[in-house]
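*Asks:* show me how the following folds:
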Amino acid sequence: MAEMKKPVALSTAEARRIWLHAQRLDTRAPFGSGAEAVTAAVEHLGYVQIDTINVIERAHHHMLFTRIPDYRRADLEHAQAVDKSVFEYWTHALSYVPVRDLSFYLPAMKSHRETPSRWYADCDPAELRKLLRRIRRDGALSIRDVDDDELQEKQHLWASRKPSKKVLQNGFYGGHLAIAQRYGMVKSYELMDRHFGWPPRPRAATERQIAEYLLDRALRAQGVISAASVMYPKLRFSEEIERLVSGRLRRKTLVPVEIAGGTTPHFATPEALETTEPDAPLVHILSPFDPLIIQRKRLSQFFGYDHLFEAYVPKAKRVHGYFTLPVLAGDEIVAALDLKTDRAQKRVLIQSWHWVGRGDAALHQPMIEAELERFERFQLADG
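*Replies:* Predicted coordinates:
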């Protein structure tokens, strides 16, 4: 990497302000409303992670609600199935990704077809061709539509007893199939070319274009970046991205940044460093899968908060609770709430409430309770 000039010194408060602005958590409705807002949010963030845990509303809906105050689940369904402006694929986890970025994922699909991962290496190509013929003839297909499988024992917790599920997933990761729609968490698979109205398929991005995409995505959604934040869950820049960073440092379109109390090299654009204070602090009840929370080491450095994800911890050993949600007040995480939606009784239960950091009951509880009322309305809303 090119020799760097003296880094710009940032306090952790300044680094937080830049990150929160990049995540659009410093303004109440940054993306507008409706399906167009879903597309705008996913395009800005780069991806929205999907998760199945539903003690409260699932993570992908939760993260969109955090940034789109009048968000409805149907908005995401419309963006995926009607507008076809978002699609599902693997980032660091299965996620909603903007269709405008699809060309950056085509090389991964090709790689899967040519060299499938260990989990799919034993898939029979003939079985995939059989399912593809069926979908081509009969239309989109979910695993519930497959009724002629010989059931087998699950090989892991998230597996299905139907072998066809693995075949469908293999076709999905290889780019033969797209998830055209979801019914709850049940995926409906369609031929990718038919779903998007191809041919022609978009041209696959080159290695350099993918590197530029990953770097720009992180700069847009994180404001201040490091190798680990760009490459998550990997820790180091690829050689191609390191070359890009060096070039931008020489051209001064990137500047080195030093965050107080840390030794990890960070970088930002000059424009990001000009981020101003928001007009008024907001309160957000965040998903543990939110981009602000999911990178735990970064979260700890910027906020001094170490999140505990305890869904898979035995109950007797939990500290905060099964599915704890961090509460952001302004630029600080002040509480951790273990919530559960009782859909039968139509209310959100507070299983536990822990103050963290500089959280203060007299100062923060009234504003958190007001946000909890809004959060509960979202949890119980139809559609």
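*Asks:* quick one, what contacts the nearest residue to A272 once chain neighbours are set aside?
*Replies:* Of all residues not flanking A272 in the chain, G223 sits nearest, at 4.7 Å (Cβ to Cβ, 6 or more residues apart in numbering). C-betas here are computed from N, CA, C, even on glycine. For G223, the contacting residues are I18, W19, H21, A22, A268, A272, T275, by Cβ atoms under 8 Å, 6 or more residues apart in numbering.
*Asks:* would you mind identifying the next helix or strand past the helix or strand harbouring the third one?
*Replies:* Element membership for H21 (DSSP states H and E) is helix 12-22. The helix or strand immediately downstream of helix 12-22 is helix 34-45, counting by DSSP H and E.
*Asks:* got the buried residues for that following helix?
*Replies:* Neighbour-count burial for helix 34-45 flags G34, A35, A37, V38, T39, A40, A41, V42, E43, H44, L45 (criterion: 16 or more other Cβ atoms under 10 Å).
*Asks:* where does the third one land on pLDDT?
*Replies:* This means A37. pLDDT, A37: 98.
*Asks:* how about the secondary structure of L215?
*Replies:* With DSSP: H, G, I helix; E, B strand; the rest coil as the basis, L215 sits in helix.
*Asks:* let me know the distance separating it from Q295.
*Replies:* Noted for L215: a distance of 16 Å to Q295, by Cβ to Cβ, to the nearest Å.
*Asks:* how about the strands in the protein?
*Replies:* Ranges of strands in the chain, per DSSP state E, are 8-10, 48-49, 86-90, 94-98, 141-142, 177-183, 186-191, 224-225, 255-259, 266-268, 283-285, 324-329, 332-342, 347-355.
*Asks:* need the winner for burial among these.
*Replies:* Mean neighbour count (mean count of other Cβ atoms under 10 Å) peaks for strand 224-225 among the strands of the chain, with a mean of 27.
*Asks:* direction included, what does that one pair against?
*Replies:* Applying DSSP bridges, strand 224-225 is found paired with strand 266-268 (antiparallel).
*Asks:* pull the distance from the partner strand to the chain's centre.
*Replies:* In this view, strand 266-268 has its centroid 21 Å away from the chain centroid, taken as Cα atoms, centre = their mean, to the nearest Å.
*Asks:* can you check stretch 317-337 too?
*Replies:* Taking Cα atoms, centre = their mean, one finds stretch 317-337 lying 19 Å from the centre of the chain it belongs to.
*Asks:* and that stretch, end to end?
*Replies:* Stretch 317-337 has an end-to-end distance of 17 Å (criterion: Cα to Cα, to the nearest Å).
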